[in-house]
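Visitor: I'll drop the sequence and a predicted model, then ask my questions.
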Amino acid sequence: MRNCVSRDVLDLLASKWVCLVMGALPNGPMRFGVLRRRLDGITQKMLTRTLRDLERAGLVDRQVFPTTPPQVEYSLTPLGQDLVVLMEAFRVWAEKHGEEISEARERYDARAAEPVRALNAR
């Protein structure tokens, strides 16, 4: 169903950057710059968009401190902490089975590279 709530949530959670941001926050609040350095390869624009999406979904809290320049910290909400438990299980599964998946991909790629043979060819 196109308008299914779970589909909308899964669309959010399927993002690589959402998974990595969520995985970086379980140990407590983190400032934007620290988070960006920890997530090697993410652009400032993508991190900003990802954090806004997570804040909008109620998974991340944004706290602004009245300093010059303003300091901003991001932390998980209780809902986000609940999700991180599931994501951690997924990460453990991926690490446990990563080699099997790599081997399966290699077998598939090898078969796909073979020339196509006619059914009645001998």
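Guide: Good, I have the coordinates.
Visitor: Tell me who's in contact with the closest residue in space to residue 21 that isn't next to it in sequence.
Guide: Once flanking residues are discounted, residue 21 sits nearest to residue 50: 5.3 Å by C-beta to C-beta, 6 or more residues apart in numbering. To be clear about C-beta, it is placed using only N, CA and C from the backbone, and glycine gets the same treatment. Counting by C-beta atoms under 8 Å, 6 or more residues apart in numbering, residue 50 touches 15, 17, 18, 21, 42.
Visitor: Now do the same for residue 50: helix, strand or coil?
Guide: Here residue 50 takes the helix state, with states given by DSSP: H, G, I helix; E, B strand; the rest coil.
Visitor: now swap in residue 20 and tell me
Guide: Reducing the assignment at residue 20 to three states with three-state DSSP gives helix.
Visitor: State the pLDDT value of the nearest residue to it once chain neighbours are set aside.
Guide: Closest residue to residue 20 apart from its sequence neighbours, by C-beta to C-beta, 6+ apart: residue 39 at 5.4 Å. pLDDT for residue 39: 92.
Visitor: and if you look at the one 5 residues further on?
Guide: As summarised for this prediction, residue 44 has a pLDDT of 93.
Visitor: Hmm, it is touching residue 35, no?
Guide: No. Using C-beta atoms under 8 Å, residue 44 makes no contact with residue 35, being 10.7 Å away.
Visitor: In terms of neighbours, single out the busier of the two.
Guide: Each of residue 44 and residue 35 has its neighbours counted (other C-beta atoms under 10 Å); residue 35 has more, 21 against 10.
Visitor: Would you mind pointing out the helix or strand that one falls in?
Guide: Assessed by DSSP states H and E, residue 35 sits inside helix 32-38.
Visitor: Good, we can wrap up now.
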